[in-house]
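*Asks:* Turn this into a structure:
(chains A and B)
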Amino acid sequence: MTAAQPAITAGATGVVFRRELGAYLRSPMGYIVAATVLLLDGLLFYAQALGPSAGERLSGQVLAGFFYNASGLTAIAAVALSIRLVAEERQTGTQLLLDTSPVRDWEIVLGKFLSALAFLTAINLATLYMPLLILVNGKVSLAHVLTGYLGLTLIGGAVLAVGLFASALTRHQLVAAATASLVTGTLFLLWPLSRIVGPPVSWVFAALAIHGRHFAGFQSGLFHLRDVAYYVALTYFFLYAATKIMEAKRWE
Amino acid sequence: MEHPPARRQRPANPMVQLDGVTKYYGPKRALGPVSFEIEKGDAVGFLGLNGVGKTTLLRILACGLRPSSGTVRIGGLDVLRDPHEVRKRVGYLPETPPVYGDMTVGDYLAFAGRIKGMSQEAVARRVPEVEEYARVAEVHDVLTRNLSQGYRQRVGVAQAIIHDPELLILDEPTHDLDPVQIMEMRGMIRELKDSHTILISSHILPEISETCDRLLVLNDGEIVASGTEAELGEGLLRSRRLSVTVRTPAQQPADGSPGTTPEAAIRAVPGVTRVEPAPATRRRSEPQAVTYHVEGDADLRAAVCRALVEAGHDVVALARAERELERVFVGLVGGVEA
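*Replies:* As a prediction, the model looks like this:
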């Protein structure tokens, strides 16, 4: 047998990324999530922009409403897309291939995260015709549209990281879904809770809430670096936690 | 039971070195302490019933499980210190082939090669080679979820050898295969022996006795015997074994002598090396009957029978223990007395 000497490359993240993205494109689940999100986005957009109850609204308000609705749907889609990422591998036994290959856990986590983020972003970009309809028929700035989509990507990424973390904890996708929903739900609920409790707890809740203060800027077309920093930090935290769990479980 | 000598001479060029390796799951011991060395180029079979620690041991060697204590070296590298380097040198086929059902065989093998650190070009060259080698070229474009168990297992072997590892670890490679597939798999393993150090586990003796140079027999997490097939057989079967069931009459002999116990009578036979009563073998129908296991250096059936009868005992049953290696194995792992 002729030996093919392995030439070591630094592309493990890219290899995992391509496999996982391919898995979304080959599985019905990816299309079901995409179709559901696009359908609901479309219905909600119709209801508030074109429907009988639309009323007299400024174009900017309609666009902000679109991003508000899309952010919730993006979060739900992110949970649905991310729970399989590690749990499924453990369930089918393919995790053993990764565990016994010369690939580092952070490379696996990053590759999986980026693939889910790419797929989620593609779904979100498929809604682009809705803001463009407003852009054509009303008066909104392109910057508002771009900022809104940046916000959707950031909040989607943060929830994907939560989902990936939950998926790394277990081999059961249902358990991962419950964990991811619980953590994401709590992060969402912190905003309304911050309005009920008094300071200083309310400040902490508002600062930690995944929606509310941090998404309001993106929704309205306002770019604040602190909001970007919040989502990046949240994403990093959960990806780091997921990596640590993968490292611990790799040897179990 | 005496086991054949487990120690071989220290290998000059060890590929695998284990020293005092144990694995505990909570308080439960799954493996060890286990110590052995395997020379480069050897094909070694781990033999043992299900649940004795074979998979645990192989996963430790494949860097997929951390030992609770002890040291493991693969190619001179400590698996805990350099797991990344060790993984580059090891190909591992778990009991269930780790194939992605949504990928075609070709894509899957390319992915396996890339994840094991091969370049795109090397993978492009290597995939057709291993497909040819593992005889899966004809299913190159088939989704792995649509493959038969035999093909899946061969694809599993192909992914394990794609990066041409120095050490190949195959956990029950003929698991769930039909007889024809088993023969094909054995042929493939024989060919792989030429270029790899191979570790194979099985609970079926012929499967590995035909393909391996050396066997390690595991029982209850420990290696209870080691050696070539011939050494194992020789060590255990050097002595002829038989079991004899004896009924002692209630009345004393007519001459008034105290009488010889069956055990003493057997022991007095020239050539007998060991006699021991089998535990709890009294027959319900014959409560006086006792079975003895006898070992000697020749076929002693006639002599033992004569000695017992002369001592005034009735021989109810006499059987020579079977010699097949299967029985040796069963005896080694303590299931049934060989």
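
*Asks:* pLDDT below threshold where in the stretch 1-150 of chain A?
*Replies:* When residues are selected by pLDDT under 70, those of the stretch 1-150 of chain A lie in A:1-10, A:51-56.

*Asks:* need the helices for it, in chain order.
*Replies:* A:12-26, A:28-45, A:59-82, A:84-92, A:95-99, A:105-125, A:129-137, A:142-169 (DSSP state H, counting those that start in this stretch).

*Asks:* In TSV: the ones you listed, plus distance to chain B.
*Replies:* C-beta coordinates here come from the backbone N, C-alpha and C atoms, glycine included. Shown next, in TSV, are these (distance: least, C-beta to the nearest C-beta, whole Å):
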stretch	distance to chain B
helix A:12-26	4
helix A:28-45	10
helix A:59-82	15
helix A:84-92	7
helix A:95-99	4
helix A:105-125	9
helix A:129-137	30
helix A:142-169	16
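
*Asks:* Adding distance to B:Thr260 and mean neighbour count, write those out as CSV.
*Replies:* Compiled in CSV, the helices of the stretch 1-150 of chain A are given as follows (distance: least, C-beta to C-beta, whole Å; neighbours: other C-beta atoms under 10 Å in any protein chain shown):
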stretch, distance to B:Thr260, mean neighbour count
helix A:12-26, 77, 20
helix A:28-45, 80, 16
helix A:59-82, 80, 22
helix A:84-92, 66, 22
helix A:95-99, 62, 24
helix A:105-125, 72, 22
helix A:129-137, 104, 16
helix A:142-169, 71, 24
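
*Asks:* B:Val155 is nearest to which of those?
*Replies:* Among the helices of the stretch 1-150 of chain A, helix A:95-99 comes nearest to B:Val155, with 11.6 Å by C-beta to C-beta.

*Asks:* Need the nearest residue in space to A:Val16, chain neighbours excluded.
*Replies:* Setting aside the residues directly before and after it, A:Val16 is nearest to A:Gly111 in space (C-beta to C-beta, 6 or more residues apart in numbering or on different chains), at 2.7 Å.

*Asks:* can you check A:Leu117 too?
*Replies:* Here the residue nearest A:Leu117, using C-beta to C-beta, 6+ apart, is A:Gly157, at 5.3 Å.

*Asks:* So the one you found sits against A:Leu114, correct?
*Replies:* No - judged on C-beta atoms under 8 Å, A:Gly157 makes no contact with A:Leu114 at a distance of 9.4 Å.

*Asks:* For the stretch 51-200 of chain B, just list every one of the strands.
*Replies:* B:69-74, B:77-78, B:90-93, B:167-171, B:197-202 (DSSP state E, counting those that start in this stretch).

*Asks:* Nearest to chain A among those would be which one?
*Replies:* Closest of the strands of the stretch 51-200 of chain B to chain A is strand B:90-93, at 4.7 Å (criterion: C-beta to the nearest C-beta).

*Asks:* quick one: contacts for the residue most central in space within chain B?
*Replies:* Centroid-nearest residue in chain B, with C-alpha atoms, centre = their mean: B:Leu47, separated by 1.0 Å. Neighbour list for B:Leu47: B:201-203, B:205, B:208, B:215-218, B:329 [criterion: C-beta atoms under 8 Å, 6 or more residues apart in numbering or on different chains].

*Asks:* Check the gap between it and A:Ala75 for me.
*Replies:* 53 Å (C-beta to C-beta, to the nearest Å).

*Asks:* try B:Arg274
*Replies:* According to C-beta to C-beta, B:Arg274 stands 75 Å off from A:Ala75.

*Asks:* And for A:Ala176?
*Replies:* Distance from A:Ala176 to A:Ala75, by C-beta to C-beta: 15 Å.

*Asks:* Map the structural domains onto the sequence of chain B.
*Replies:* Using automatic domain parsing, the domain parsing of chain B gives B:14-235, B:239-332.

*Asks:* Determine which stretch of those domains is the most buried.
*Replies:* domain B:14-235 (a mean of 20; mean count of other C-beta atoms under 10 Å in any protein chain shown).

*Asks:* what pLDDT, on average, does that one get?
*Replies:* Domain B:14-235 shows a mean pLDDT of 88.

*Asks:* how distant is that domain from the center of its chain?
*Replies:* The chain centroid and the centroid of domain B:14-235 are separated by 14 Å under C-alpha atoms, centre = their mean, to the nearest Å.

*Asks:* Could you do stretch A:113-120 as well?
*Replies:* On C-alpha atoms, centre = their mean, the centre of stretch A:113-120 falls 8 Å from the chain's centre.

*Asks:* Report the central residue of chain A.
*Replies:* A:Gly156 (2.3 Å).

*Asks:* can you pull the contacts of it?
*Replies:* Contacts for A:Gly156 (C-beta under 8 Å, 6+ apart) come out as A:74-75, A:77-78, A:117, A:120-121, A:124.

*Asks:* and what of B:Thr104?
*Replies:* B:Thr104 is in contact with B:140-144, counting by C-beta under 8 Å, 6+ apart.

*Asks:* now do B:Gly221
*Replies:* B:23, B:29-32, B:34, B:52-53, B:56.

*Asks:* Can you tell me the closest non-neighbouring residue to the residue of the stretch 151-252 of chain A found nearest chain B?
*Replies:* In the stretch 151-252 of chain A, the residue that lies nearest chain B is A:Trp251 (3.7 Å; C-beta to the nearest C-beta). In space, and not counting its chain neighbours, A:Trp251 is closest to B:Arg66: 3.7 Å by C-beta to C-beta, 6+ apart.

*Asks:* now the one you found: how far from B:Val79?
*Replies:* Counting by C-beta to C-beta, the gap from B:Arg66 to B:Val79 is 9 Å.

*Asks:* Go through the helix or strand hosting A:Thr243 and flag the buried ones.
*Replies:* Under the criterion of DSSP states H and E, A:Thr243 resides in helix A:225-250. Across helix A:225-250, burial judged by 16 or more other C-beta atoms under 10 Å in any protein chain shown covers A:227-228, A:230-231, A:234-235, A:238-239, A:241-243, A:245-246, A:249-250.
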